[in-house]
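J.: Quick check, what structure comes out for this input:
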Amino acid sequence: MSDPRPNARPERVSLGTAEPEYDLWQPLDPDQAGVFTGLSADEQSYRDRARAFVQDEVRPIIDDYWNRADYPVHLIPRLGELDLLRDGIDVPGFPEQSLLAACLVTMELSRGDGSIGTVGGVQGGLALRSIAMHGSEEQRAKYLEPMALGTLPGSFALTEPTHGSDSVSLETRAVSDGDDYVISGHKKWIGNGSIGGVTITWARGDDGQVQGFIVPQDTPGYRATTIEGKLSLRAIWQALIEYDGVRVGPELKLPGARSFRDTSSVLQATRLGVAWAGLGHATAVYETAVAYAKQRVQFGRPLAASSIVQNRLAEMLSQLTSLQTLLVQLTRVEAAGELTGPSASLGKYTSTRTARSMAANARDLLGGNGILLQNRVARHFADIEALHTYEGTETVQALILGREITGLSAFA
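T.: Below is the predicted model:
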């Protein structure tokens with residue numbers, strides 16, 4: 001029967017072809033083994049503050065910055081304002097921060113985005129720590145506070161174009177000239193190396209030993225080029241640096257950095273932090289997979305009602321819980337001053353392998369939607385690849401563990 005109303009439009013019928021908006025960022029606090037029960041008020045405060053920063057200030061902008069390979073440098077002083085940059089390092093005027101609190105911050109920042117997590121790792125974990133561990137009293141008094149506040153960006157220049165895993169063989173030189181030192185060579189993959197501030201530079205001195213220097217990035221001869229074309233960590237700038245006769249005075253030499261052993265002490269102290277960053281990525285992809293499975297409807301029911309999807313989620317929760325348990329225990333051991341190099345390697349090795357596996361599972365669970373930035377998983381999937389490599393590749397960690405197991409070194 002025809003509609004008697006003149007010029008009546010037919011009623012709009014929903015064909016079910018419009019895809020809903022998915023809410024994939026809500027924290028789930030997965031803690032099946034209760035490893036995070038008993039956090040102190042300060043530890044909970046740091047965790048909550050980092051999470052709020054991620055939800056309120058990272059979430060709205062990160063896809064755009066990541067997509068454009070742009071760096072939200074305005075977030076560095078904001079992180080400092082929130083006291084999220086110190087990585088547990090004691091800085092005069094700042095409250096005490098437990099090791100677990102620092103690790104929870106790292107986890108939450110990486111849960112938001114790998115580039116933002118790397119900002120904390122580079123600024124606090126590497127650059128600030130180098131000065132705190134190996135600097136003079138005058139250097140600590142001058143640099144620690146502004147670096148902790150994020151008003152002075154810091155970077156850590158160890159890796160070279162031809163020396164990555166074998167950074168012990170670095171070729172950048174620091175030749176003494178009177179009281180000064182003249183640095184020549186190249187560094188690669190240096191986060192924050194091209195944004196101003198200071199670069200902690202590791203170079204071989206006259207005695208053939210690796211030494212450390214604080215190099216202001218406006219020093220003549222220091223030329224940094226931002227590396228382009230990255231498919232990972234796209235929201236932080238990493239640099240290729242040329243030192244063309246960079247002259248620094250004795251006040252910029254780290255007096256406690258006299259050999260590669262001293263360099264390694266900084267790296268070992270940050271290795272557990274890298275493992276916690278992996279846990280942050282693993283948490284993010286798990287949260288996303290659970291939320292998507294509950295919201296995505298296929299064959300007339302949510303994906304979460306499928307037995308194979310529930311099996312996948314159970315597998316991911318098992319992996320996540322095992323990783324949480326390992327890292328909390330290793331953190332307790334480190335807080336007691338008893339963490340060994342091989343144990344730190346075990347944390348990093350296990351964490352990035354686990355996060356990698358979980359990200360692949362979550363990406364597959366999301367189907368075609370899993371490759372879209374707006375659905376979170378693809379960005380973490382890509383960023384985990386960088387985390388899996390830097391501060392000691394999987395192979396290097398395996399060789400450290402193999403030497404511990406067998407008593408035999410397989411390093412070349």
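
J.: need the contact list for residue 289.
T.: By C-beta atoms under 8 Å, 6 or more residues apart in numbering, the residues touching residue 289 are 312-313, 316, 361-362, 365-366, 377. C-beta: built from backbone N, CA, C; applies to glycine.

J.: Please repeat the previous calculation with a cut-off of 10 Å.
T.: Going by C-beta atoms under 10 Å, 6 or more residues apart in numbering, residue 289 touches 24, 303-304, 309, 312-313, 316-317, 358-359, 361-366, 370, 376-377.

J.: In helices, which of those appear?
T.: Among the contacts of residue 289, the residues falling in helices (DSSP state H) are 309, 312-313, 316-317, 358-359, 361-365, 377.

J.: Now distance to residue 272, pLDDT and neighbour count too, for those residues, in CSV please.
T.: Conversion of these to CSV gives the following (distance: C-beta to C-beta, whole Å; pLDDT from 0 to 100; neighbours: other C-beta atoms under 10 Å):
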residue, distance to residue 272, pLDDT, neighbour count
309, 33, 97, 20
312, 29, 97, 19
313, 28, 98, 20
316, 23, 98, 23
317, 23, 98, 16
358, 19, 98, 29
359, 21, 98, 28
361, 25, 97, 19
362, 24, 98, 29
363, 27, 97, 20
364, 30, 97, 12
365, 29, 97, 23
377, 25, 97, 27
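
J.: Give me the pLDDT value at residue 28.
T.: Per-residue confidence for residue 28 comes out at a pLDDT of 94.

J.: low-confidence ranges in the stretch 101-250 of the chain?
T.: The model of the stretch 101-250 of the chain has pLDDT under 70 over residues 166-167.

J.: can you give me the helices in it?
T.: Here the stretch 101-250 of the chain has its helices, by DSSP state H, counting those that start in this stretch, at 114-120, 129-134, 137-149.

J.: out of those helices, which comes closest to residue 255?
T.: Comparing these against residue 255 with C-beta to C-beta, the closest turns out to be helix 129-134 (7.2 Å).

J.: Where does residue 347 sit, in terms of helix or strand?
T.: Taking DSSP states H and E as the definition, one finds residue 347 inside helix 341-365.

J.: How far off centre is that helix?
T.: For helix 341-365, the distance from its own C-alpha centre to the chain's C-alpha centre is 13 Å (C-alpha atoms, centre = their mean, to the nearest Å).

J.: Also stretch 194-206?
T.: Chain-centre distance of stretch 194-206: 20 Å, with C-alpha atoms, centre = their mean.

J.: Show the end-to-end separation of that stretch, please.
T.: The first residue of stretch 194-206 is 27 Å away from its last residue (C-alpha to C-alpha, to the nearest Å).

J.: With stretch 47-66 instead?
T.: Distance across stretch 47-66, first residue to last, is 24 Å (C-alpha to C-alpha).

J.: Report the buried residues of it.
T.: For stretch 47-66, burial by neighbour count (16 or more other C-beta atoms under 10 Å) applies to 47, 49-51, 53-55, 57-58, 62-63, 65-66.

J.: Of the helices of the stretch 101-250 of the chain, flag the one that's most buried.
T.: With neighbours defined as mean count of other C-beta atoms under 10 Å, the helices of the stretch 101-250 of the chain peak in mean count at helix 114-120, which reaches a mean of 28.

J.: Against which helices or strands is that one packed?
T.: Helices and strands touching helix 114-120, as assessed by 3 or more C-beta pairs under 10 Å, 6 or more residues apart in numbering; DSSP states H and E, comprise helix 41-53, helix 62-68, helix 75-81, helix 99-112, strand 180-191, helix 260-295, helix 377-389.
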